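Attaching a predicted model along with its sequence, questions to come.
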Amino acid sequence: MPAAVTPAVSPDWAFEREHWRRGYFRVAGVDEAGRGAWAGPVTVAAVILPGLATEYPFRDSKQLTPAQREALAGQVRQVAVAWAVEHAWPEEIERLNILGATHAAAARALARLDPPPQALVTDYLRLRTALPLLAPPKADALSYSVAAASLLAKTERDRLMAELDARYPGYGFAAHKGYGAPAHRAALERLGVSELHRRGYAPIARLLGELA
C-alpha cells in the first residue's frame, strides 16, 4: 500500500474561529466527492465538530491512503456533534448540472444536521444559504471541519461505488470509482453507457454520439 502524501499544510481552526468570534459556535464543514467522475453520484458530507479547538488527525482525504481514510472517517463519526451524507445521482446531475446537483445534495445534508448549524465553511462551494458562509479554496486541507467532511464524503462514495461494481459488472467501478481512467474508457467502448453514467459529460456524450 502506498504511503500517504505528507501534507504541506495541516488543518486548523482559523476559519471556524472567524465564525466563533461572531457568536456562531455550531459551524458545519461541507465537502464533496465525485464532481469530476463520469459515473455514479456526487456525494456531499456536512460535519459539525465540537467547538473546543481540539487538535484532530483529520486531513484532506486526497492526502491519505484508503485505510487511513476509513480509520479517520470512523473517528469523525464518533466525535462529531452532528454529521450527514447525501448523494445526487446522474438524473439529478443531468437536470440541474453538476454544480446545481452538488448544491442540492449539500442542502439536503445540512437539513439533516441535528442540532442545526449556525454557520458554514466549505471548500470553495458558494452555497445559496442564509447562514454565514466562508468558502475559501483548499479548505479541505486548511479546516478541520471541512477535512472531516471530505473524509466522510470520500469514504461513503467509495463504499457505494464498490457496491455498484457488483450490480454493474465489467465497468470496474470499485477500482476507478467512476472517474475517467483508461480502464473505464475501455469498458465503455466494450459495454456501452449504463444508467449510472452522466450522459451530459463530454466523454460520455461523445461515445453516445458515436454509437447513435
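Received the coordinates, thanks.

which regions of the chain lie under the pLDDT threshold?
Within the chain, the segments meeting pLDDT under 70 span 1-8, 211-212.

could you redo the last one with a cut-off of 90?
Along the chain, segments meeting pLDDT under 90 span 1-10, 51-54, 202-203, 206-212.

top helix in it by residue count?
Counting residues, the longest helix in the chain under DSSP state H turns out to be helix 144-167.

In terms of secondary structure, what does that helix contact?
Contacts defined by 3 or more C-beta pairs under 8 Å, 6 or more residues apart in numbering; DSSP states H and E place helix 144-167 against helix 14-20, strand 27-33, strand 42-48, helix 66-79, strand 82-88, strand 119-122, helix 139-142, helix 173-176. In this view, the C-beta of every residue, glycine as well, is placed from N, C-alpha and C.

and if we set it to 6 Å?
With contacts taken as 3 or more C-beta pairs under 6 Å, 6 or more residues apart in numbering; DSSP states H and E, helix 144-167 sits against strand 27-33, strand 42-48, helix 66-79, helix 139-142, helix 173-176.

what does that helix contact?
11, 16, 27, 29-34, 40, 43, 45, 47, 49, 56, 58-61, 69-70, 72-73, 76, 85, 121, 123, 139-140, 173-174, 177-178 (C-beta atoms under 6 Å, 6 or more residues apart in numbering).

that older thread, which among the helices and strands packed on helix 144-167 is found nearest to A111?
strand 42-48 (9.2 Å; C-beta to C-beta).

Point to the residue nearest the middle of the protein.
E32 (2.2 Å; C-alpha atoms, centre = their mean).

which residues pair with that residue across the strands?
On the basis of DSSP bridges, E32 is bridged to V44.

For it, which residues are in contact?
Contacts here follow C-beta under 6 Å, 6+ apart; on that basis E32 touches V42, V44, T102, A153.

List the buried residues in the helix or strand containing the third one.
Taking DSSP states H and E as the criterion, the element that holds T102 is helix 90-111. Neighbour-count burial for helix 90-111 flags 90, 92-93, 98, 101-110 (criterion: 16 or more other C-beta atoms under 10 Å).

Out of those residues, which comes closest to H184?
Of all those, H184 sits closest to P90, with 14.8 Å by C-beta to C-beta.

Setting aside sequence neighbours, what's the nearest residue to the closest one?
With sequence-adjacent residues excluded and distances taken as C-beta to C-beta, 6 or more residues apart in numbering, P90 is closest to R198, at 4.9 Å.

Now do the one you found against R95, distance only.
Distance, R198 to R95, using C-beta to C-beta, to the nearest Å: 11 Å.
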